[in-house]
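[1] Task: produce atomic coordinates for the following.
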Amino acid sequence: MSECLHVAEMPRPEPAPLADTCPECLADGTHPVQLRLCLSCGHVGCCDSSSGRHATGHFSSTGHPVMRTFEPGEAWRWCFVDGAIV
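    Next comes the predicted model:
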């Protein structure tokens, strides 16, 4: 894992999740495959293996750079800008 400038800019403590699951998947009637938490605002979105790719869509519309897995027992983070686990 590497450190990027975007991680240092994230709020601490991290924002509280705004939902328990992907609200866009719920609205679309689809099933989220894996959940991701935006570390800028707390949005919960599904991963790119889901049909909606809502976590990536959230990054595309907001520019919020770093998310972390929202799956139990996992703790990795991903920077969309750097395209790397951080």
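[2] which other helices and strands contact the longest helix seen in the chain?
    In terms of residue count, the longest helix belonging to the chain (DSSP state H) is helix 54-62. Judged by 3 or more CB pairs under 8 Å, 6 or more residues apart in numbering; DSSP states H and E, helix 54-62 is in contact with helix 23-28, strand 35-38, strand 44-46. C-betas here are computed from N, CA, C, even on glycine.
[3] do you know which of these lies nearest residue 69?
    strand 35-38 (6.3 Å; CB to CB).
[4] Tell me where the model's unsure across the chain.
    Along the chain, segments meeting pLDDT under 70 span 1-3.
[5] Mind putting the helices and strands packed on helix 54-62 into JSON lines with distance to residue 84?
    Converted to JSON lines, these look like this (distance: least, CB to CB, whole Å):
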{"stretch": "helix 23-28", "distance to residue 84": "25"}
{"stretch": "strand 35-38", "distance to residue 84": "15"}
{"stretch": "strand 44-46", "distance to residue 84": "19"}
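[6] can you list the ones you listed in TSV and add mean neighbour count and distance to residue 73?
    TSV is the format used below for the helices and strands packed on helix 54-62 (neighbours: other CB atoms under 10 Å; distance: least, CB to CB, whole Å):
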stretch	mean neighbour count	distance to residue 73
helix 23-28	16	21
strand 35-38	25	13
strand 44-46	26	17
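[7] returning to that earlier point: what does the longest helix of the chain contact?
    Residues from elsewhere that reach helix 54-62, judged by CB atoms under 8 Å, 6 or more residues apart in numbering: 22, 24-25, 32, 35-36, 38, 40-41, 43, 45-48, 64-65, 67, 80.
[8] which ones are touching residue 36?
    Going by CB under 8 Å, 6+ apart, residue 36 touches 44-47, 55, 67-70, 78.
[9] repeat for residue 19
    Residue 19 sits next to 43-44 when contact means CB under 8 Å, 6+ apart.
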